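**Q** generate coordinates for the sequence data below:
(chains A and B)
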Amino acid sequence: GNSVTQMEGPVTLSEEAFLTINCTYTATGYPSLFWYVQYPGEGLQLLLKATKADDKGSNKGFEATYRKETTSFHLEKGSVQVSDSAVYFCALYQGGKLIFGQGTELSVKP
Amino acid sequence: SAVISQKPSRDICQRGTSLTIQCQVDSQVTMMFWYRQQPGQSLTLIATANQGSEATYESGFVIDKFPISRPNLTFSTLTVSNMSPEDSSIYLCSVAGLAGGPSYEQYFGPGTRLTVT
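**A** Take a look at the predicted model:
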């Protein structure tokens, strides 16, 4: 069946460091792909999306590229801030359902 | 996007009781969903709330345990029945199809944190 696998956390970085959170998926066809972010004590927020192969989603300095050949959608940011500390979820949409990865906790230290 | 509110934001309940969670959206939406997020885990879809008809439940979730109502295009409720400590989770409402937008873009409420003692 469809599934999403993310790198395990927690990930701890210093401010201004480069961030990569790996995400790979298993699905039939070409699902839409998403990154959601959950700040402490809040609900999930849509961070960015890509709906077809080679699309690049971007928002708030975060980027992710839909790679069909490697079935990946890795999240990147060039310079993280303390305010980026949150849990990040990769997800795919197919058959009318969102399927989430297990989430990766990011902690950014000043 | 839309403003999605949930009530209550948190509750502590005794085993054997039931709790009804409300989800209100400030605009009409095509689709509403209920998810469960167990401690330290990802989100699991419980069911799709269908307006004017019975909800569509995912494998492992049944109507007797999680009855859902959706009387109109802006409101839904999820009841967690005959609770046990294993039901302690965050319950999240989400919506899609805002202003005719795509069904794959879902927006989430702030969640209801339930603790069962």
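
**Q** which parts of chain B sit against chain A?
**A** B:4, B:33, B:41-43, B:45, B:48, B:92, B:94, B:103-111 (C-beta under 8 Å from any C-beta of the partner chain). Quick note: C-beta positions are derived from backbone N, CA and C, even for glycine.

**Q** which ones among the residues you listed lie within strands?
**A** Among these, DSSP state E puts B:4, B:33, B:43, B:45, B:48, B:92, B:94, B:107-108 in strands.

**Q** and the buried ones among the residues of chain B next to chain A, selectable in PyMOL?
**A** To isolate the buried subset of the residues of chain B next to chain A in PyMOL, counting by 16 or more other C-beta atoms under 10 Å in any protein chain shown, use the following:
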select buried, chain B and resi 4+33+42+43+45+48+92+94+104+105+106+107+108+109+110+111
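
**Q** confidence-wise, which helix or strand of the chain is lowest on average?
**A** The chain I'm using is chain A. strand A:97-100 (a mean of 90; mean pLDDT, DSSP states H and E).

**Q** look at chain B instead
**A** Scoring the helices and strands of chain B by mean pLDDT, DSSP H and E places strand B:107-108 at the bottom, with a mean of 90.

**Q** pairing partners for that strand, with directions?
**A** Strand B:107-108 sits in its sheet next to strand B:89-96 (antiparallel), going by DSSP bridges.

**Q** to the chain's geometric centre, what's the distance from the partner strand?
**A** 5 Å (C-alpha atoms, centre = their mean, to the nearest Å).

**Q** repeat for stretch B:89-98
**A** Counting by C-alpha atoms, centre = their mean, stretch B:89-98 is centred 6 Å from the centre of its parent chain.

**Q** roughly how far apart are residue A:98 and residue A:32?
**A** 9 Å (C-beta to C-beta, to the nearest Å).

**Q** between the two, who's got more neighbours?
**A** The residue with more neighbours, out of residue A:98 and residue A:32, is residue A:98; 24 against 20, by other C-beta atoms under 10 Å in any protein chain shown.

**Q** show residues contacting stretch A:22-35.
**A** In this structure, residues lying in contact with stretch A:22-35 by C-beta atoms under 8 Å, 6 or more residues apart in numbering or on different chains are A:1-7, A:46-53, A:57, A:62, A:64, A:66, A:68, A:70-75, A:88-94, A:98, A:101, B:104.

**Q** rerun at 7 Å
**A** A:2-7, A:46-53, A:64, A:66, A:68, A:71-75, A:88, A:90-94, A:101, B:104 (C-beta atoms under 7 Å, 6 or more residues apart in numbering or on different chains).

**Q** got the angle for the longest strand along chain A vs strand B:89-96?
**A** Ranked by residue count and defined by DSSP E, the top strand of chain A is strand A:86-94. Going by axes from the mean of the first three to the mean of the last three C-alpha atoms, to 10 degrees, strand A:86-94 is angled at 50 degrees with respect to strand B:89-96.

**Q** could I have the CA atoms of strand A:86-94 written out in PDB?
**A** The C-alpha coordinates for strand A:86-94 follow below in PDB (Å, rounded to 0.1, in the frame of the first residue of the first chain):
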ATOM      1  CA  ALA A  86       8.700  22.200  15.200                       C
ATOM      2  CA  VAL A  87       7.700  18.800  14.000                       C
ATOM      3  CA  TYR A  88       7.700  18.300  10.200                       C
ATOM      4  CA  PHE A  89       5.400  15.800   8.500                       C
ATOM      5  CA  CYS A  90       5.800  14.600   4.900                       C
ATOM      6  CA  ALA A  91       2.600  13.400   3.300                       C
ATOM      7  CA  LEU A  92       1.200  12.100   0.100                       C
ATOM      8  CA  TYR A  93      -2.300  12.400  -1.300                       C
ATOM      9  CA  GLN A  94      -3.800   9.600  -3.300                       C
END
